[in-house]
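Novice: Got a predicted structure plus its sequence, pasted below:
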Amino acid sequence: MDTTLDVPDADGTAVDLTNATVLLTGGTGTFGVAFARRMKATHPNTVVRIYSRDELKQSEMLEHTGNGTLRYFIGDIRNKTRLMRAMRGVDVVVHAAAMKQVPACEYNPFEAVQTNVLGAQHIVDTAIDAGVQKVVALSTDKAVEPVNIYGATKLCMEKIVVQGNAYSGGGTRLSCVRYGNVIGSRGSVVPVFRQQATEGRLRITDDRMTRFWITVDQAVDLVLHAIDRSVGGEIFVPKIPSMRITDLAEAIAPGLPVEITGIRPGEKLHEVLLTADEARHAIDDGAGHYVVLPEHPFWMMDDVTGKPLDADFQYASHLNDEWLSIDELRHLVDG
C-alpha cells in the first residue's frame, strides 16, 4: 500500500522576514502582543503594523512593548478603505482580529458576522489588490462542526481565506492555522477560575469536558511555520495536548468545592481540530502538524511527500494521545 501523498512543494514560496513588513490585525490581543514581541526579538528589522480599533490597548501595548519597528494603526477590518491603506507595501498579513467571546457572539450574531466573515473578505480582497505575498489567518477548533455563531463565522472565515487563492492567480498565497484554547488568554477559563477561587467555590458546566490547550508561544511558532511553508490553501493544525476541565480546576484551586452548573448554549463537551472527512485530504507533515490540503489544489508545484492519515482518523480533545497532568497544568497557568 502506498504510504505517501503528493502535496505542493514550498520551494520558491517562502518569505524572508528579515526586512519584511507585516500587517498584524488584532495586534493588541494576546496573540498579537506575543507575535510582535517575537518579531522584535528575532527579526529586529521587520516592520510590524499593529492594526486594531482600540486606542487604549494600543497605548498600553506601546508602553509595555515599545515602538522601534512597530507601527500602530487605528482601524477596523470592517472598514475596507482603511484596511487598504494599511496594506500598502505589506509583504505578509497575519490576520488575528476577531470577535471571540462565545456569549457576546451569541447575543450579537450579526456583529460577529460583520467582523469575522465580512472582515475576512476584506482581508482577502485588499491583500490581493495590494500584492501581499502571504496571508495567514488564525482559526479555532470551534470552527470544526460548529455549534455556536462564533464557530460558524470562523468556519466561514476559513472557507473565504482558502478560496481566496482561486482569485489571486498565485501572486498572493493564503492559508489558515487552526488551534485550541490559548492558556491564560483574555476570556479563557483560567482567570475565571481564579476569580471564583477567591469566592470559595469553582463552577464547572460539565465535569466530563475536555479541551485542547496551546501556549501563546506555540501559537506564534505555528504561524511562523505557516508563513514559511504554506503554498496556498492549507489549514495547519498543530499536535497539542488535551486537558480535563476537572484537572484544570484542581491545578488552580486544589481541594476547593466544585459546583456543576450545566452546559451552556453553544458549548461543547469536547472539541475537534480535524474531522474524519478532512482527514481524507490531510497529511502528517512530520514536523508536529497535520495539514489539511485543499480538495482541489489551485496550483501544483514540484511534488514532495507527506504521510496520509487513516481514513477514519479524527483529532478530537477526548481522543487525544497526549494529556496534560494536574502538575503540568499548574506549571503552565502559574508560568
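Specialist: Looks like it came in fine. All values reported here derive from a predicted model rather than from experimental measurement. Numbers count the residues shown, from 1 in each chain.

Novice: Report the contact partners of Pro254.
Specialist: Applying CB atoms under 8 Å, 6 or more residues apart in numbering, we find Pro254 in contact with no residue. From N, CA and C alone the C-beta is placed, and that goes for glycine too.

Novice: where does the most centrally placed residue in the chain fall, helix, sheet strand or coil?
Specialist: With distances taken as CA atoms, centre = their mean, Leu138 lies nearest the centre of the chain, 3.2 Å away. Look at Leu138: counting by DSSP: H, G, I helix; E, B strand; the rest coil, its state is strand.

Novice: which ones are touching the spatially closest residue to it that is not a sequence neighbour?
Specialist: Closest residue in space to Leu138, ignoring its immediate chain neighbours: Ala96 at 4.8 Å, by CB to CB, 6 or more residues apart in numbering. Contact partners of Ala96, counting by CB under 8 Å, 6+ apart, are 24-27, 29, 31-32, 35, 138.

Novice: so how far is Arg203 from Val192?
Specialist: 9 Å (CB to CB, to the nearest Å).

Novice: The strand or helix carrying Arg211 pairs with which strands, and in what direction?
Specialist: Assessed by DSSP states H and E, Arg211 sits inside strand 210-214. Using DSSP bridges, the strands paired with strand 210-214 are strand 181-182 (parallel), strand 242-244 (antiparallel).

Novice: All the strands of the stretch 151-300 of the chain, residue numbers only.
Specialist: Under the criterion DSSP state E, counting those that start in this stretch, strands of the stretch 151-300 of the chain are mapped to 173-179, 181-182, 202-204, 210-214, 235-238, 242-244, 258-260, 272-274, 282-284, 289-292.

Novice: quick one: which of these is nearest Val102?
Specialist: Within those, the stretch nearest Val102 is strand 181-182; the backing value is 11.6 Å (CB to CB).

Novice: which one of the strands paired with strand 210-214 has the lowest average pLDDT?
Specialist: Among the strands paired with strand 210-214, strand 181-182 has the lowest mean pLDDT, at a mean of 89.

Novice: picking up where we left off before, out of the contacts of Ala96, the closest to Ala130 would be?
Specialist: Relative to Ala130, the closest of the contacts of Ala96 is Thr25; by CB to CB it sits at 13.6 Å.

Novice: my guess is the closest one meets Ala97, correct?
Specialist: Yes - with contacts counted by CB atoms under 8 Å, Thr25 reaches Ala97, the gap being 3.9 Å.

Novice: shared neighbours of these two, anything?
Specialist: Both Thr25 and Ala97 are in contact with 51-52, 77, where contact means CB under 8 Å, 6+ apart.

Novice: Quick check: the gap between Ala137 and Ile263.
Specialist: 29 Å.

Novice: Between these two, which has more neighbouring residues?
Specialist: Higher neighbour count among Ala137 and Ile263: Ala137, with 29 against 14, using other CB atoms under 10 Å.

Novice: before we move on, back to that, now for the strands of the stretch 151-300 of the chain, which one comes closest to Tyr167?
Specialist: With CB to CB as the criterion, Tyr167 lies closest to strand 173-179 of these, at 9.5 Å.

Novice: which helices and strands does that closest one pack with?
Specialist: Judged by 3 or more CB pairs under 8 Å, 6 or more residues apart in numbering; DSSP states H and E, strand 173-179 is in contact with strand 134-140, helix 149-163, helix 165-168, helix 216-229, strand 235-238.

Novice: buried sites along the longest one?
Specialist: Of all the residues in helix 149-163, those buried under the rule 16 or more other CB atoms under 10 Å are 149-158, 160-162.

Novice: Please identify the most buried of the strands of the stretch 151-300 of the chain.
Specialist: Each of these was assessed for mean neighbour count using mean count of other CB atoms under 10 Å. The highest is strand 173-179, with a mean of 26.

Novice: contact partners of it?
Specialist: For strand 173-179, using CB under 8 Å, 6+ apart, the contacting residues are 13, 124, 127, 133-141, 143-144, 157-158, 161-162, 164-165, 168, 212, 214, 218-219, 222-223, 226, 230-238, 240, 273.

Novice: ok, back up a step: give me the average confidence score over the strand holding Arg211.
Specialist: For strand 210-214, mean pLDDT rounds to 95.

Novice: okay, the angle between it and helix 216-229?
Specialist: Compare the direction of strand 210-214 with that of helix 216-229 by axes from the mean of the first three to the mean of the last three CA atoms, to 10 degrees and you get 70 degrees.
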